[in-house]
Every structure is written in C-alpha cells, then in structure tokens.
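> Starting from these lines, generate the structure:
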Amino acid sequence: MNAYAYWNSDKAVLRMHNAQECNSQVHPELQRMVHQLAEDAGMPHPRVYVIDQDQPNAFATGRNPENAAVAATTGLLRRMSREEVAAVMAHELAHIRNYDTLIMTVTATFAGAISMLANFAMFFRGGRNQGAGGAIAAIAIMILAPLAAAVVQMAISRSREYEADRVGAEICGNPMWLASALEKIQGFASRIDYDKAEENPQTAHMFIINPLHVHKRDKLFSTHPNTQNRIAALTRLAQESGISAPAPQRAQNPWG
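Predicted structure coming up:
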C-alpha cells in the first residue's frame, strides 16, 4: 500500500462519481440523519455526499472512522422511504466501523490503475499499427482486465457484506428496513443504468448493491452476496429479535 493510495483513495473514488458534499444548503436532512445514526453507533460524524444518479445506491469510503465519508445517490433519496434510507446509511456506517472501507477504497484505486493500463492498451490497439503492436495490445487487455477483477475478488470477502447488514440493522433498529431497501435497490439497479459505475467498474464492490448490469465484463467485478440470501439473513435476524413489523412502504421524504 503506497502513501498516495492510503491518503487519497477516498477522494479519488468520490471524484469518480462526481459526489457533492452535503451542507446546510445541500441535502441537510440527509446529513442530519447520518450524523444522528453515527452518534447512536458511537462513531465520529462522517462526511456525507450525494451523487446525482437515478439508480438508488450508496457506498462508504475512507481510511478510518475519523476520516470517512458516505455517499447516497439522488435515486435512493427519491425512491426509498425514510426508514429504508436510514437502514442503507446504517449499513454503510457499519462498513466504516468495521474498517472495511480502507481495504475497499484502496483496492478500488489499485484495480483502477490496472484497468487504466488495459485502456491504454486498447487505445494503442486502435491506432494505425494493427500488426504486432495490435496483437500485443490485445493480449494485454486479455490479461489486465481479469487481473483488475482478481485484485477486487481477492481483497473483498462477501462475509463483509453480511456483517455490515447485521451491524447496520442494529444501528438503525430494524432489520426489515434494510431487507426492504435491498430488495428495492436490487430491482432498480437491474434496470437503471449507472454510467459512472460502468465507467469505473472497479468501484462496484463498494456499493450496497452491485450497480453494474450493462456489460458482460461487469460480472468479473461482482463481489456481492446474493441479494435474496442477504434478505433471508435479515429476516431471520428480525425473527430472533422479536421484530415482526412489516417493512416500510414508499413514503415522501423531506430531503432538502
């Protein structure tokens, strides 16, 4: 791990997705919600960002709880109830508290660098020299793209998502809120494109639900457990906790 990756990976990932930081004028309600959840979890306040993207989704980034950020898409705020948004943000806070975000963010940066080399190879392949140079470029692409994916796969354990679901449910107070959010996000993510995620597939593992679905190569970067399995685990957790209330329905939210 080099110094740049340690200190700047979070900023790089946020820039990749054109994330805008919340403040008293930009989505203050979301910022207040996240800060309250962090206080309930005994954590420092993370920076809160919003991404102008119709697909509902979210991720966390940062090297430690003292230097962390969470980001939610505008689609999440528009399409989820307040309880579901709180559950998603609690899941992301769980990643921060468990120090998952350090390895997730640095991995995205390293994998992105490898993918960039593959893109350079593609560029040169498309140049005038279609002879030996083109063949070498084609081989480089074949090697580097799976290598970038392998870096992500090796670094990210699917068990991290289950643990973040469990801890996130504790933070927000109701596992069924998160179960409902996961089901809805999966449905929307399967049919709404997320252009910035498609351009930067090495960041897909950071999201609560895999945002990729357009290209076959995106499957290389899939590190998420099956969504239905996650929902089943949350349902069992709710039953064990004696929570039988139905998941929240669609509601209007005061996201300012």
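> which secondary structure element contains residue 83?
helix 82-97 (DSSP states H and E).
> Who are the packing partners of that helix?
Judged by 3 or more C-beta pairs under 8 Å, 6 or more residues apart in numbering; DSSP states H and E, the packing partners of helix 82-97 are helix 28-40, strand 58-64, strand 67-73, helix 74-79, helix 159-172, helix 175-189. Glycine gets a C-beta too; all of them are placed from N, C-alpha and C.
> Of those, flag the one that's most buried.
Of the helices and strands packed on helix 82-97, the one with the most neighbours on average (mean count of other C-beta atoms under 10 Å) is strand 67-73, at a mean of 26.
> tell me the angle that one makes with strand 58-64.
Strand 67-73 and strand 58-64 are oriented at 170 degrees to each other (axes from the mean of the first three to the mean of the last three C-alpha atoms, to 10 degrees).
> circling back: would you format the helices and strands packed on helix 82-97 as CSV with distance to residue 202 included?
Formatted as CSV, the helices and strands packed on helix 82-97 follow (distance: least, C-beta to C-beta, whole Å):
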stretch, distance to residue 202
helix 28-40, 25
strand 58-64, 13
strand 67-73, 16
helix 74-79, 21
helix 159-172, 17
helix 175-189, 17
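> Kindly present these as CSV, with separate columns for mean pLDDT and distance to residue 101.
Listed next are the helices and strands packed on helix 82-97 as CSV, based on pLDDT from 0 to 100; distance: least, C-beta to C-beta, whole Å:
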stretch, mean pLDDT, distance to residue 101
helix 28-40, 98, 14
strand 58-64, 94, 5
strand 67-73, 97, 6
helix 74-79, 98, 18
helix 159-172, 95, 10
helix 175-189, 97, 18
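> closest one to residue 236 among those?
Of all these, it is helix 175-189 that lies closest to residue 236, at 8.6 Å by C-beta to C-beta.
> avg pLDDT for whichever helix or strand comes after the closest one?
Going down the chain from helix 175-189, the next helix or strand is helix 195-199, by DSSP H and E. When pLDDT is averaged over helix 195-199, the result is 93.
> start to end distance for stretch 8-27?
25 Å (C-alpha to C-alpha, to the nearest Å).
> Report the buried residues of that stretch.
9-10, 12-14, 16-17, 19, 22, 27 (16 or more other C-beta atoms under 10 Å).
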